[in-house]
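A.B. asks: when you get a sec, could you give me coordinates for this:
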Amino acid sequence: MVSDVPALLFIASLRSPATWFSPREQALAQANEFKDLAENSPLSIVLRREDLSASGIKGLLALEGVHAFEGEEQAVDEFYAAGFRMMGLAHFTDNEFAGSAYGVKKHGLTELGRSLVPRMEALGITIDLAHASPAAFRETLELATRPLVVSHGGVTGTCPGPRNLTNAQLRGIASNGGIVGIGYWKTAVCNASLRGIVSAIQHAIDIAGIDHVGLGSDFDGHVTTPFDTTGLPMLTESLLTAGLSAEEINKLLGGNVRRVLAANLPE
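C.D. replies: The predicted structure is shown next:
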């Protein structure tokens, strides 16, 4: 997921000066790097619904906040052409389209945001509400005609937090047909352990239902998690011990995500 990147990282890595202070150029540069990686490795990029059925390792390019559009709604076409198929409406700050859970005003969708949501849906872009303000979250649910995602986060039922989801928000995502990804780090689950992660997953299932919960690890290097991707077998074993069936765990480990992406991606 392409996120806010400090200018210093782009300067230190000797990237083009055009990327140093422009979120738009930073995101597009990272999209090109992702394409280069796919061309020189077994990775294939998911751009269309049919790509989900391809064999091998697959990756989907996501944008953590449309502040990268720098206020221009038509930038969505440029980002779509660059390969982005999932986009968060906000990250750590309010922007010209939507408020952030960490923003100063935490406003809802702006006029630009209300116009952007249906445009994203028409293109086949999955909308991510992970960092959206409560108002933007609610207003997007009211507008959406396709399944939404909360790619990574926690639930207030096990861990209070500024962007952890309330039971009402969980029910809203379930009614929309979307999915909530449970994260592994401390502010998402409070108890950053297998037990804490499983507890948050179980709460989300109790409220939203098994078809609307998935994994939202956030293996991005900015947060500390109790294990990396090699620890997934331990999580699977913990879910089995907690009483979930193999069918339910298959949904959690990717089945639900595939369903939502299949509903949203362009044909």
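
A.B. asks: backbone dihedrals for residue 240, please?
C.D. replies: phi -60, psi -40 (degrees, to the nearest 10).

A.B. asks: give me the nearest residue to it, chain neighbours excluded.
C.D. replies: Among residues not flanking residue 240 along the chain, residue 249 sits closest, at 6.8 Å (Cβ to Cβ, 6 or more residues apart in numbering). C-beta here means a position set from N, CA and C on the backbone, and glycine is covered the same way.

A.B. asks: can you confirm that neighbour is in a helix?
C.D. replies: Yes. Looking at residue 249 with DSSP: H, G, I helix; E, B strand; the rest coil, it is inside a helix.

A.B. asks: wait, what's in contact with it?
C.D. replies: 236, 239-240 (Cβ atoms under 8 Å, 6 or more residues apart in numbering).

A.B. asks: same question for residue 65.
C.D. replies: 3-4, 88-92, 95, 100, 131.

A.B. asks: buried among the residues you listed? Make that a PyMOL selection.
C.D. replies: For the buried members of those, the matching PyMOL selection, counting by 16 or more other Cβ atoms under 10 Å, is:
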select buried, resi 3+88+89+90+91+95+100+131
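
A.B. asks: find out how far the helix or strand that contains residue 206 is from the centre of the chain, if you would.
C.D. replies: Take DSSP states H and E as the rule and residue 206 turns out to sit in helix 194-208. Between the centre of helix 194-208 and the centre of its chain there are 18 Å (Cα atoms, centre = their mean, to the nearest Å).

A.B. asks: which strands and helices sit next to the very next helix or strand once past that helix?
C.D. replies: Sequence order places strand 213-215 as the next helix or strand after helix 194-208, per DSSP H and E. Helices and strands touching strand 213-215, by 3 or more Cβ pairs under 8 Å, 6 or more residues apart in numbering; DSSP states H and E, are strand 179-182, helix 194-208, helix 256-264.

A.B. asks: which strands or helices does the last one pack on?
C.D. replies: Secondary structure elements in contact with helix 256-264, counted by 3+ Cβ pairs under 8 Å, 6+ apart, are strand 126-128, strand 179-182, strand 213-215.

A.B. asks: what residues does the next helix or strand after the first one touch?
C.D. replies: The reference is to strand 126-128. Counting by DSSP H and E, the element after strand 126-128 in chain order, helix or strand, is helix 134-143. Here helix 134-143 makes contact (Cβ under 8 Å, 6+ apart) with 89-90, 98-101, 106-109, 113-114, 117-118, 127, 129, 132, 148, 169, 172-173, 175-176.

A.B. asks: among these, name the buried ones.
C.D. replies: So, by 16+ other Cβ under 10 Å, the buried ones in these are 89-90, 98-101, 106-109, 113-114, 117, 127, 129, 132, 148, 169, 172-173, 176.

A.B. asks: filter these down to the ones in helices?
C.D. replies: Residues of those located in helices (DSSP state H): 113-114, 117, 169, 172-173, 176.

A.B. asks: so which of the helices and strands packed on strand 213-215 is nearest residue 33?
C.D. replies: Of all the helices and strands packed on strand 213-215, it is helix 256-264 that lies closest to residue 33, at 22.3 Å by Cβ to Cβ.

A.B. asks: cheers, nothing more for now.
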